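1. The following comprises the amino acid sequence and a computationally predicted model.
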Amino acid sequence: MRLREIPISAWIGIAGLLLAFICAIFAPLLAPHGESEIVAGVWEPMSDTYLLGTDNLGRDLLSRVIYGARTTLFVALAATLLSFSLGIILSFTAAVSRGIVDTTLSRFNDLMMSIPTLIFALVVLAVLPQNLIVLILVMAILDSTRVYRLGRAVALDVAVMEFVEAARLRGEGRMWIIFREILPNTLSPLLAEFGLRFAFSILFLSTLSFLGLGIQPPAADWGGMVKDNKDGIIFGIPAALIPGGAIAALAICVNLIVDWLLKRTSSLKGGRGDA
(Lines give C-alpha, C1' and ligand atoms only; values in the text may rest on other atoms or scores of the structure.)
Protein backbone atom coordinates (compact mmCIF):
# COMPACT_ATOMS: atom_id res chain seq x y z
CA MET A 1 0.00 0.00 0.00
CA ARG A 2 1.32 3.43 -0.99
CA LEU A 3 0.50 6.67 0.79
CA ARG A 4 -0.79 8.32 -2.39
CA GLU A 5 -3.36 5.52 -2.75
CA ILE A 6 -5.04 6.60 0.49
CA PRO A 7 -8.08 8.79 -0.36
CA ILE A 8 -8.57 12.31 0.99
CA SER A 9 -11.47 11.18 3.18
CA ALA A 10 -9.25 8.63 4.93
CA TRP A 11 -6.55 11.27 5.48
CA ILE A 12 -9.15 13.53 7.08
CA GLY A 13 -10.19 10.69 9.40
CA ILE A 14 -6.57 9.87 10.28
CA ALA A 15 -5.78 13.54 10.99
CA GLY A 16 -8.83 13.93 13.22
CA LEU A 17 -8.08 10.74 15.14
CA LEU A 18 -4.43 11.73 15.60
CA LEU A 19 -5.50 15.14 16.89
CA ALA A 20 -7.80 13.51 19.45
CA PHE A 21 -5.06 11.16 20.65
CA ILE A 22 -2.53 14.01 20.88
CA CYS A 23 -5.00 15.93 23.05
CA ALA A 24 -5.55 12.83 25.19
CA ILE A 25 -1.86 12.05 25.67
CA PHE A 26 -0.62 15.61 26.22
CA ALA A 27 -3.70 17.03 27.95
CA PRO A 28 -1.82 18.54 30.93
CA LEU A 29 0.54 20.33 28.54
CA LEU A 30 -2.06 21.53 26.03
CA ALA A 31 -4.87 22.58 28.37
CA PRO A 32 -4.56 26.21 29.49
CA HIS A 33 -6.23 25.44 32.83
CA GLY A 34 -6.82 22.50 35.15
CA GLU A 35 -9.50 19.91 34.51
CA SER A 36 -11.77 21.09 37.35
CA GLU A 37 -10.37 24.57 37.94
CA ILE A 38 -12.97 27.35 38.17
CA VAL A 39 -11.49 30.32 36.33
CA ALA A 40 -14.36 32.73 35.61
CA GLY A 41 -18.09 33.27 35.78
CA VAL A 42 -20.75 30.89 34.56
CA TRP A 43 -21.09 30.52 30.78
CA GLU A 44 -18.66 33.28 29.86
CA PRO A 45 -18.66 33.93 26.07
CA MET A 46 -15.76 33.06 23.78
CA SER A 47 -12.86 35.49 24.08
CA ASP A 48 -9.10 35.77 23.77
CA THR A 49 -8.78 34.57 27.35
CA TYR A 50 -11.24 31.68 27.06
CA LEU A 51 -11.27 30.52 23.44
CA LEU A 52 -14.39 28.37 23.85
CA GLY A 53 -15.89 30.21 26.80
CA THR A 54 -16.68 28.65 30.18
CA ASP A 55 -19.14 26.00 31.32
CA ASN A 56 -21.98 25.94 33.85
CA LEU A 57 -19.56 26.18 36.79
CA GLY A 58 -17.11 28.68 35.31
CA ARG A 59 -14.51 26.15 34.18
CA ASP A 60 -12.56 26.72 30.96
CA LEU A 61 -14.41 24.81 28.24
CA LEU A 62 -11.35 24.31 26.03
CA SER A 63 -9.46 22.68 28.91
CA ARG A 64 -12.45 20.47 29.66
CA VAL A 65 -12.70 19.37 26.03
CA ILE A 66 -9.00 18.49 25.93
CA TYR A 67 -9.17 16.53 29.19
CA GLY A 68 -12.43 14.99 28.04
CA ALA A 69 -10.63 13.53 25.01
CA ARG A 70 -8.35 11.63 27.40
CA THR A 71 -11.22 10.13 29.40
CA THR A 72 -13.44 9.38 26.41
CA LEU A 73 -10.71 7.76 24.31
CA PHE A 74 -9.25 5.75 27.21
CA VAL A 75 -12.55 4.23 28.28
CA ALA A 76 -13.80 3.62 24.73
CA LEU A 77 -10.51 2.09 23.59
CA ALA A 78 -10.17 -0.09 26.69
CA ALA A 79 -13.74 -1.35 26.31
CA THR A 80 -13.23 -2.05 22.60
CA LEU A 81 -9.97 -3.95 23.13
CA LEU A 82 -11.52 -6.03 25.90
CA SER A 83 -14.70 -6.74 23.93
CA PHE A 84 -12.67 -7.81 20.90
CA SER A 85 -10.41 -10.07 22.96
CA LEU A 86 -13.41 -11.74 24.59
CA GLY A 87 -15.53 -11.94 21.43
CA ILE A 88 -12.77 -13.22 19.14
CA ILE A 89 -11.51 -15.90 21.54
CA LEU A 90 -15.01 -17.23 22.21
CA SER A 91 -16.17 -17.04 18.59
CA PHE A 92 -13.05 -18.72 17.20
CA THR A 93 -13.25 -21.39 19.89
CA ALA A 94 -16.86 -22.06 18.90
CA ALA A 95 -15.99 -22.21 15.20
CA VAL A 96 -13.11 -24.65 15.75
CA SER A 97 -14.82 -26.83 18.37
CA ARG A 98 -18.29 -27.10 16.77
CA GLY A 99 -20.82 -29.39 18.47
CA ILE A 100 -22.08 -28.64 21.96
CA VAL A 101 -19.51 -25.87 22.57
CA ASP A 102 -20.58 -23.96 19.47
CA THR A 103 -24.28 -24.44 20.22
CA THR A 104 -23.99 -23.36 23.87
CA LEU A 105 -21.92 -20.25 23.17
CA SER A 106 -24.03 -19.21 20.19
CA ARG A 107 -27.36 -19.60 22.01
CA PHE A 108 -26.05 -17.65 25.01
CA ASN A 109 -24.84 -14.94 22.66
CA ASP A 110 -28.27 -14.78 21.00
CA LEU A 111 -29.85 -14.43 24.45
CA MET A 112 -27.56 -11.52 25.33
CA MET A 113 -28.21 -9.79 22.01
CA SER A 114 -31.97 -10.07 22.50
CA ILE A 115 -31.75 -7.72 25.52
CA PRO A 116 -31.70 -3.99 24.58
CA THR A 117 -28.12 -2.87 25.14
CA LEU A 118 -28.84 0.54 26.65
CA ILE A 119 -31.51 -0.72 29.05
CA PHE A 120 -29.31 -3.61 30.18
CA ALA A 121 -26.36 -1.26 30.77
CA LEU A 122 -28.49 1.22 32.73
CA VAL A 123 -29.86 -1.53 35.00
CA VAL A 124 -26.43 -3.05 35.67
CA LEU A 125 -24.67 0.28 36.23
CA ALA A 126 -27.44 1.45 38.55
CA VAL A 127 -26.85 -1.60 40.78
CA LEU A 128 -23.05 -1.93 40.66
CA PRO A 129 -20.53 0.61 42.02
CA GLN A 130 -19.93 3.46 39.60
CA ASN A 131 -16.24 3.42 38.69
CA LEU A 132 -14.16 3.13 35.52
CA ILE A 133 -13.46 -0.60 35.86
CA VAL A 134 -17.13 -1.52 36.18
CA LEU A 135 -18.04 0.83 33.32
CA ILE A 136 -15.40 -0.65 31.00
CA LEU A 137 -16.39 -4.23 31.88
CA VAL A 138 -20.09 -3.60 31.26
CA MET A 139 -19.43 -1.90 27.92
CA ALA A 140 -17.00 -4.65 26.86
CA ILE A 141 -19.30 -7.55 27.74
CA LEU A 142 -22.27 -6.01 25.94
CA ASP A 143 -20.21 -5.16 22.86
CA SER A 144 -18.51 -8.56 22.73
CA THR A 145 -21.80 -10.13 21.59
CA ARG A 146 -21.57 -8.22 18.28
CA VAL A 147 -17.91 -9.16 17.91
CA TYR A 148 -18.77 -12.81 18.59
CA ARG A 149 -21.34 -12.87 15.80
CA LEU A 150 -18.92 -11.51 13.20
CA GLY A 151 -15.96 -13.51 14.48
CA ARG A 152 -17.85 -16.80 14.31
CA ALA A 153 -19.06 -16.04 10.77
CA VAL A 154 -15.59 -15.31 9.36
CA ALA A 155 -13.95 -18.10 11.37
CA LEU A 156 -16.38 -20.72 10.03
CA ASP A 157 -15.41 -19.75 6.46
CA VAL A 158 -11.71 -20.20 7.20
CA ALA A 159 -12.05 -23.26 9.48
CA VAL A 160 -13.15 -25.49 6.58
CA MET A 161 -10.19 -24.60 4.34
CA GLU A 162 -7.51 -27.12 3.48
CA PHE A 163 -4.65 -25.51 5.41
CA VAL A 164 -6.71 -25.66 8.62
CA GLU A 165 -7.50 -29.33 8.03
CA ALA A 166 -3.80 -29.92 7.39
CA ALA A 167 -2.98 -28.31 10.73
CA ARG A 168 -5.46 -30.61 12.46
CA LEU A 169 -3.90 -33.65 10.78
CA ARG A 170 -0.46 -32.52 11.94
CA GLY A 171 -1.82 -32.67 15.48
CA GLU A 172 -1.79 -28.92 16.16
CA GLY A 173 -3.75 -27.80 19.21
CA ARG A 174 -6.84 -25.62 19.24
CA MET A 175 -4.97 -22.47 20.26
CA TRP A 176 -2.45 -22.96 17.45
CA ILE A 177 -5.24 -23.26 14.89
CA ILE A 178 -7.02 -20.18 16.25
CA PHE A 179 -4.03 -17.83 16.50
CA ARG A 180 -1.74 -19.15 13.75
CA GLU A 181 -4.17 -20.35 11.09
CA ILE A 182 -7.56 -18.61 11.42
CA LEU A 183 -6.73 -15.20 12.94
CA PRO A 184 -4.15 -14.05 10.33
CA ASN A 185 -6.62 -14.87 7.53
CA THR A 186 -9.48 -12.88 9.07
CA LEU A 187 -7.66 -9.67 10.06
CA SER A 188 -9.09 -7.42 7.31
CA PRO A 189 -12.79 -7.67 8.27
CA LEU A 190 -11.89 -7.75 11.96
CA LEU A 191 -9.89 -4.51 11.71
CA ALA A 192 -12.81 -2.80 10.01
CA GLU A 193 -15.17 -4.11 12.67
CA PHE A 194 -12.79 -2.90 15.38
CA GLY A 195 -13.12 0.63 14.02
CA LEU A 196 -16.90 0.41 13.99
CA ARG A 197 -17.00 -0.97 17.53
CA PHE A 198 -14.66 1.80 18.68
CA ALA A 199 -16.95 4.46 17.21
CA PHE A 200 -19.94 2.76 18.82
CA SER A 201 -18.14 2.68 22.19
CA ILE A 202 -17.53 6.44 21.99
CA LEU A 203 -21.21 7.12 21.30
CA PHE A 204 -22.38 4.58 23.90
CA LEU A 205 -20.11 6.03 26.59
CA SER A 206 -21.33 9.54 25.78
CA THR A 207 -24.93 8.35 26.06
CA LEU A 208 -24.31 6.74 29.46
CA SER A 209 -22.54 9.87 30.71
CA PHE A 210 -25.39 12.06 29.49
CA LEU A 211 -27.81 9.87 31.46
CA GLY A 212 -25.63 10.15 34.58
CA LEU A 213 -24.28 6.56 34.70
CA GLY A 214 -21.05 6.94 32.73
CA ILE A 215 -18.02 9.01 33.75
CA GLN A 216 -18.75 10.68 37.05
CA PRO A 217 -18.04 14.36 37.88
CA PRO A 218 -15.73 16.17 38.29
CA ALA A 219 -13.86 14.14 35.64
CA ALA A 220 -14.20 15.69 32.18
CA ASP A 221 -16.15 13.62 29.67
CA TRP A 222 -17.75 14.85 26.47
CA GLY A 223 -21.12 13.21 27.13
CA GLY A 224 -21.18 14.51 30.69
CA MET A 225 -20.25 18.00 29.45
CA VAL A 226 -23.26 17.99 27.14
CA LYS A 227 -25.45 17.04 30.09
CA ASP A 228 -23.97 19.71 32.37
CA ASN A 229 -24.43 22.51 29.84
CA LYS A 230 -27.65 21.48 28.08
CA ASP A 231 -29.71 24.13 29.90
CA GLY A 232 -27.60 26.84 28.29
CA ILE A 233 -29.05 26.01 24.86
CA ILE A 234 -32.27 27.72 25.96
CA PHE A 235 -30.34 30.98 26.33
CA GLY A 236 -28.39 30.58 23.09
CA ILE A 237 -25.18 29.48 24.85
CA PRO A 238 -23.18 26.95 22.75
CA ALA A 239 -21.39 25.31 25.70
CA ALA A 240 -23.25 22.00 25.16
CA LEU A 241 -22.82 22.05 21.38
CA ILE A 242 -19.00 22.13 21.52
CA PRO A 243 -18.48 18.73 23.26
CA GLY A 244 -21.39 17.36 21.22
CA GLY A 245 -19.59 18.45 18.06
CA ALA A 246 -16.40 16.80 19.32
CA ILE A 247 -18.26 13.50 19.76
CA ALA A 248 -19.74 13.71 16.28
CA ALA A 249 -16.42 14.72 14.68
CA LEU A 250 -14.53 11.85 16.31
CA ALA A 251 -17.17 9.31 15.28
CA ILE A 252 -17.09 10.63 11.70
CA CYS A 253 -13.28 10.42 11.57
CA VAL A 254 -13.32 6.80 12.72
CA ASN A 255 -16.03 5.95 10.18
CA LEU A 256 -14.02 7.57 7.36
CA ILE A 257 -11.06 5.32 8.19
CA VAL A 258 -13.26 2.24 8.49
CA ASP A 259 -14.93 3.01 5.16
CA TRP A 260 -11.52 3.17 3.48
CA LEU A 261 -10.47 -0.14 5.11
CA LEU A 262 -13.66 -1.83 3.92
CA LYS A 263 -13.21 -0.59 0.37
CA ARG A 264 -9.57 -1.67 0.38
CA THR A 265 -10.53 -5.12 1.65
CA SER A 266 -13.19 -5.47 -1.04
CA SER A 267 -10.75 -4.45 -3.79
CA LEU A 268 -8.18 -6.95 -2.56
CA LYS A 269 -10.76 -9.73 -2.64
CA GLY A 270 -11.83 -8.69 -6.13
CA GLY A 271 -8.23 -8.69 -7.32
CA ARG A 272 -7.62 -12.16 -5.96
CA GLY A 273 -10.78 -13.43 -7.56
CA ASP A 274 -9.81 -12.04 -10.97
CA ALA A 275 -6.39 -13.57 -10.66
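-> Everything's here; your move. Since the model is a prediction, treat every value here as computed from it, not as a measurement.

2. which intervals of this protein have sub-threshold pLDDT?
-> 1, 265-275 (pLDDT under 70).

3. Spatially central residue for it, please.
-> residue 198 (1.9 Å; CA atoms, centre = their mean).

4. who's in contact with that residue?
-> By CB atoms under 8 Å, 6 or more residues apart in numbering, the residues touching residue 198 are 76-77, 80, 254. Where C-beta positions appear, they are placed from N, C-alpha and C, glycine not excepted.

5. What of residue 156?
-> residue 95.

6. likewise residue 194?
-> So residue 194 contacts 80, 84 (CB under 8 Å, 6+ apart).

7. so how far is residue 153 from it?
-> 15 Å (CB to CB, to the nearest Å).

8. Ok, residue 207 next?
-> 27 Å.

9. Compare those two and say which one has the larger neighbour count.
-> residue 207 (18 against 13; other CB atoms under 10 Å).

10. picking that back up, quick one: which of the contacts of residue 198 sit in helices?
-> 76-77, 80, 254 (DSSP state H).

11. So which of those is the closest to residue 264?
-> residue 254 (15.7 Å; CB to CB).

12. List the residues that contact that closest one.
-> 13, 17, 195-196, 198-199, 202.

13. Of the residues you listed, just say which sits nearest to residue 111.
-> Closest to residue 111, out of all of those and judged by CB to CB, is residue 196, at 22.8 Å.

14. Confirm that the closest one sits in a helix.
-> Yes. Using DSSP: H, G, I helix; E, B strand; the rest coil, the assignment for residue 196 is a helix.

15. Count the residues that sit near it.
-> 18.

16. Please report how far it lies from residue 251.
-> 10 Å.

17. could you list every residue that touches residue 50?
-> 39-40, 44, 60-62.

18. wait, I meant residue 88
-> 147, 151, 183, 190.

19. of all these, which two lie farthest apart?
-> 147 and 183 (13.2 Å).

20. So for these two, which sits in the more crowded spot?
-> Taking neighbours as other CB under 10 Å, residue 147 and residue 183 compare with residue 147 leading, 25 against 18.

21. ok, back up a step: switch the contacts of residue 88 over to TSV; also include secondary structure.
-> Converted to TSV, these look like this (three-state DSSP):
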residue	secondary structure
147	helix
151	helix
183	helix
190	helix
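
22. got those as JSON lines, with distance to residue 262 columns?
-> Below are the contacts of residue 88 laid out as JSON lines (distance: CB to CB, whole Å):
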{"residue": "147", "distance to residue 262": "16"}
{"residue": "151", "distance to residue 262": "17"}
{"residue": "183", "distance to residue 262": "19"}
{"residue": "190", "distance to residue 262": "12"}
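
23. Could you report the neighbour count for residue 173?
-> Going by other CB under 10 Å, the residues that sit close to residue 173 add up to 10.

24. nope, residue 2 is what I meant
-> Every residue meeting other CB under 10 Å relative to residue 2 is counted, giving 5.
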